[in-house]
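# sequence first, predicted coordinates after that:
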Amino acid sequence: MTSKLIQKYFREDKLPHIWCPGCGHGILMRAVAAAIDNLGLDKDKVCIVSGIGCSSRAPGYMDFNTLHTTHGRALAFATGVKLANPELEVIVITGDGDCAAIGGNHLIHAARRNINITTIVFNNNIYGMTGGQYSPTTPTNEFGTTAPYGNIDKPFNIPELAGAAGATYTARGTAYHAKQLIKLIENGIKNKGFSLIEGISVCPTYYGRKNKKGSAVNMMNWLKDNAIDVKIAAKLPEEKVEGKFLIGEFKNTTEPEYTDEYMKIIERCQKER
Amino acid sequence: MMSNKKVRLMQGNEACVEGALAAGMRFYGGYPITPSTEIAEISAEKLPRVGGKFIQMEDEIAGIAAAIGGSLAGLKAMTATSGPGFSLKQENLGYAAIAEIPLVVVNVQRGGPSTGLPTAPAQGDVMQAKWGTHGDHPIIALSPSSVRETFDVTVRAFNLAEKYRTPVVILTDEVVGHMREKIEIPDVNDIEIIDRVKPSDDDNYLPYGVTGDELVPPMAAFGDGHRFHVTGLMHDETGFPSNSSENAEKVLDRLMNKINKNLDDIIEYEEYMLDDAQIVILSYGSTARSAKSAVKQLREQGINAGMFRPITIWPFPEEQVRKLSEKVKSILVAEMNLGQVVLEVERIVKGKCEINHIGKANGEVITPEEIASKAKEVL
């Protein structure tokens, strides 16, 4: 028996998905649907846009207006959709490579405009679709097929990057902390402006295997043991936070939203005519 | 007092925006680049006045991506650029071809390669317009020679894009883009406007489904209630990915046939003094202005010269050029590159008449005198 969420929001005939056994992406995709359900959004008015990579296959399974674009460009396509029809609730599902490497420029500029798009980054710390190359979120000294001697790059903190660029809502959740992630996505969608929620996934097939992280269960346990909520972390001595990573809401502010501002220009131009 | 008069002095780039607005453009996504920038500037000024949307994106790739997004949300969309930007747009041009997104891409050609000669004219992107994006795909490219024609060609570009659900490239050049001419803008009611065919409201919408001999599927907009899927992956009529080679062949056949079975509708050209011509100058865009002038000069000297000017560059007016080659002694191709359209002419003519080429890629226009002198030399 399929769950009510699947019946209501997924294209059942397109399932099962292509993701590997143990991949965290299914949990993240479910969280997006659950957040949409909790908010009671009209399916016909939701548009989900993605780029290329493992993450970006998600919209194909989801019963909304869905757009699978070119590598890195999801936010640029999404910007066009949103500006052309601001009534659409535009959600971008992207990956760490798609969003922070090839699409990095679009990310910072979408954030800077504070356009009302909610971006959910399925971060698996690796290029999965092409077979395990290091990505902009692969930690330093870890391994990928293109980092056979260890990665010498420093990883991006994607929510911090988006926040610094102007996103008005940023947060991080994980595939383990599924309930919290749903709430974070809900809050991101509710924010009238650019929101970015990073969902830490697990990739036992490539990232895990290359870095001896053990099974999918081990990797999920690692998320459980190493994530600290940002509010709790604020009260802890520094050494207790050392080596851990933060989850929760990092930024939640209000700034003028791009399509609203553009509508004001249209109104002004038409009044002056 | 003058405001109701439709006669105006304007630049090719401005005529392009006027044509686009007349055709129903309501979305522009782009990035500034010489010599196309006026198209963005004028769009930024005029679009909000008609309730349309303009956005200056962070780069050329994003410019075309946003325009595709705008088109999918139901608005007629355009982006404009020049050489370096045209190179950057290629991947998404292919996306628009396979996903069948109506879109107009203007390339005001300048000297290349690379940054090249940013303020000088060229016609070096003719082959790129056809072959620049990877894989086999359909493309329409139009090339105007004057300011007034830029208006008409832009209207046509939108009409063809909407009618055939395909990207249409306008290959103008720095001369046509920046030249100012007095033009009369036709009354909106006298302009034929074609809008994409929308699907009926039933629940069985197939975004890429056609019936019978149809080649162009109806197109819904995001938000219309059809909840369809769009991808750059090879897909079947449902819009969802398909790896089947049988399907891929069927899809590519239909995509190519949208163009190949409608050549009469798409191909436009000008013939000038061809009736008794022994030598035909084949030229397009701003170079055709010099060609026409050269024909006049040659005629004054008693040489039976004529001109054939493709306005539609892709698909190339193959049948017309073949027929021409059977009745003339020689064809002289004049273009601001080192040999692009001439290759197409050679392929078509197959030795039925003599073919010569006069090309320049140094940022200077080809003068009528140069063309006339070359014609006399080869005749």
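Received, thanks.

# could you report the distance from the residue in the stretch 1-150 of chain A positioned nearest to chain B to residue A:255?
Across the stretch 1-150 of chain A, the shortest distance to chain B (Cβ to the nearest Cβ) belongs to residue A:80, at 2.4 Å. All C-beta spots, glycine's among them, are computed from the backbone N, C-alpha and C. Residue A:80 is 21 Å from residue A:255, where distance means Cβ to Cβ, to the nearest Å.

# who's more crowded, the two?
residue A:80 (33 against 12; other Cβ atoms under 10 Å in any protein chain shown).

# am I right that that one is in a helix?
Yes. Residue state for residue A:80 (DSSP: H, G, I helix; E, B strand; the rest coil) corresponds to a helix.

# quick one: contacts for it?
Residue A:80 sits next to B:27, B:29, B:55, B:65-73, B:77 when contact means Cβ atoms under 8 Å, 6 or more residues apart in numbering or on different chains.

# also residue A:120?
Residue A:120 sits in contact with A:28, A:32, A:91-94, A:185, A:188, A:196-199, where contact means Cβ under 8 Å, 6+ apart.

# list the contacts of the helix or strand bottoming out on mean pLDDT in chain A.
Least confident helix or strand of chain A, by mean pLDDT, DSSP states H and E, is helix A:238-241 with a mean of 93. Residues from elsewhere that reach helix A:238-241 (Cβ under 8 Å, 6+ apart): A:228, A:233.

# and what of stretch A:57-66?
By Cβ under 8 Å, 6+ apart, stretch A:57-66 touches A:8-11, A:14-15, A:17-19, A:25, A:28-29, A:32-33, A:43-44, A:46-50, A:67-68, A:88, A:93, A:122, B:222-223, B:226-231, B:240-241.

# in strands only, show me those.
Using DSSP state E, the members of the contacts of stretch A:57-66 that fall in strands are A:46-50, A:67-68, A:93, A:122, B:229-231.

# state whether residue B:118 is indeed within a strand.
Yes. Assessed by three-state DSSP, residue B:118 belongs to a strand.

# which bits of the stretch 101-250 of chain B sit near chain A?
Contacts of the stretch 101-250 of chain B with chain A, taken as Cβ under 8 Å from any Cβ of the partner chain, map to B:221-233, B:240-241.

# nearest residue to residue B:171 other than its sequence neighbours?
Of all residues beyond its chain neighbours, the one nearest residue B:171 is residue B:143 (4.5 Å), with distances taken as Cβ to Cβ, 6 or more residues apart in numbering or on different chains.

# for that neighbour, give me its contacts.
Residue B:143 neighbours (Cβ under 8 Å, 6+ apart): B:153, B:170-172, B:284-285, B:310-313.

# re the thing from before, what pLDDT does the residue of the stretch 1-150 of chain A closest to chain B get?
Listed pLDDT for residue A:80 reads 98.

# quick one, what contacts the residue nearest to it when sequence neighbours are not counted?
Using Cβ to Cβ, 6+ apart and skipping residues adjacent in sequence, the residue nearest residue A:80 is residue B:69, 2.4 Å away. Taking Cβ under 8 Å, 6+ apart as the criterion, residue B:69 is in contact with A:49, A:67, A:76-84, B:29.

# turn the ones in strands among the contacts of stretch A:57-66 into CSV, including pLDDT.
CSV is the format used below for the ones in strands among the contacts of stretch A:57-66 (pLDDT from 0 to 100):
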residue, pLDDT
A:46, 98
A:47, 98
A:48, 98
A:49, 98
A:50, 98
A:67, 98
A:68, 98
A:93, 98
A:122, 98
B:229, 98
B:230, 98
B:231, 98
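
# quick check: the farthest pair among those?
Farthest pair in the ones in strands among the contacts of stretch A:57-66 (Cβ to Cβ) is A:122 and B:230. Separation: 20.0 Å.

# these two - which one has more neighbours?
In terms of neighbours (other Cβ under 10 Å), residue A:122 is the more surrounded of residue A:122 and residue B:230; the figures are 31 against 24.

# so which residues of the chain form helices?
Because you didn't say which chain, this covers chain A. A:4-9, A:25-39, A:58-61, A:74-84, A:96-100, A:104-113, A:158-165, A:178-190, A:209-210, A:216-226, A:230-233, A:238-241, A:258-272 (DSSP state H).

# wrong chain, I was asking about chain B
For chain B, the helices defined by DSSP H cover B:12-23, B:37-46, B:60-72, B:83-99, B:126-131, B:147-164, B:174-178, B:245-260, B:263-266, B:287-300, B:318-327, B:341-349, B:368-378.

# for the ones you listed, which one sits closest to residue A:224?
Closest among the helices of chain B, using Cβ to Cβ: helix B:60-72, at 38.1 Å.

# which stretches of chain A aren't confidently modelled?
Under the criterion pLDDT under 70, the flagged ranges of chain A are A:1, A:273.

# give me every residue in it lying close to chain B.
Residues of chain A lying near chain B (Cβ under 8 Å from any Cβ): A:14, A:43-45, A:47, A:49, A:59-60, A:63-70, A:73, A:76-85, A:87-88, A:105-106, A:108-109, A:262, A:265-266, A:268-270, A:273.

# of those residues, keep whichever come out buried.
A:14, A:45, A:47, A:49, A:59-60, A:63-70, A:73, A:76-85, A:88, A:105-106, A:108-109, A:262, A:266, A:269 (16 or more other Cβ atoms under 10 Å in any protein chain shown).

# tell me who's in contact with the nearest residue to residue B:30 once chain neighbours are set aside.
Nearest residue to residue B:30, sequence neighbours excluded (Cβ to Cβ, 6+ apart): residue B:63, at 4.2 Å. Applying Cβ under 8 Å, 6+ apart to residue B:63 gives the contacts B:29-31, B:57, B:79, B:81, B:85, B:89.

# most neighbours among these, which one?
Among these, residue B:79 has the most neighbours (other Cβ under 10 Å), with 34 neighbours.

# got the contact list for residue B:160?
Residues in contact with residue B:160 (Cβ under 8 Å, 6+ apart) are B:140, B:166, B:168, B:194, B:266.

# buried subset of those as a ChimeraX selection?
In ChimeraX syntax, the buried subset of the contacts of residue B:160 is picked out as below (16+ other Cβ under 10 Å):
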select /B:140,166,168,194,266
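
# in strands only, show me the contacts of residue B:160.
Counted as lying in strands by DSSP E, out of these, are B:140, B:168.

# just put the contacts of residue B:160 in TSV and tack on distance to residue B:372 and pLDDT.
TSV is the format used below for the contacts of residue B:160 (distance: Cβ to Cβ, whole Å; pLDDT from 0 to 100):
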residue	distance to residue B:372	pLDDT
B:140	32	98
B:166	39	98
B:168	34	98
B:194	40	98
B:266	32	98
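
# report how many residues lie close to residue B:270.
Residue B:270: 15 surrounding residues under other Cβ under 10 Å.

# quick check: the residue nearest to it when sequence neighbours are not counted vs residue B:78, distance?
For residue B:270, ignoring the flanking residues on the chain, the nearest one in space by Cβ to Cβ, 6+ apart is residue B:309 at 4.2 Å. Between residue B:309 and residue B:78 the distance is 24 Å, computed by Cβ to Cβ.

# any weak-confidence spans in chain B?
For chain B, the stretches with pLDDT under 70 are B:1-5.

# can you name the residue of it nearest chain A?
For chain B, the residue closest to chain A is residue B:69, as judged by Cβ to the nearest Cβ, at 2.4 Å.

# so the residue nearest to residue B:270 sits against residue B:291, correct?
Yes. The pair residue B:309 and residue B:291 qualifies as a contact (Cβ atoms under 8 Å) at a distance of 7.2 Å.

# neighbour count for the two, which is higher?
Neighbour count, other Cβ under 10 Å: between residue B:309 and residue B:291, residue B:291 has more, with 31 against 22.

# contacts only, for the more buried one.
Residue B:291 sits next to B:281-283, B:307, B:309, B:334, B:368, B:371 when contact means Cβ under 8 Å, 6+ apart.

# if the closest residue to it other than its chain neighbours is in a bridge, with which residues?
Leaving aside its chain neighbours, residue B:291 sits nearest to residue B:283 (3.8 Å; criterion: Cβ to Cβ, 6+ apart). Taking DSSP bridges as the rule, residue B:283 bridges to residue B:334.
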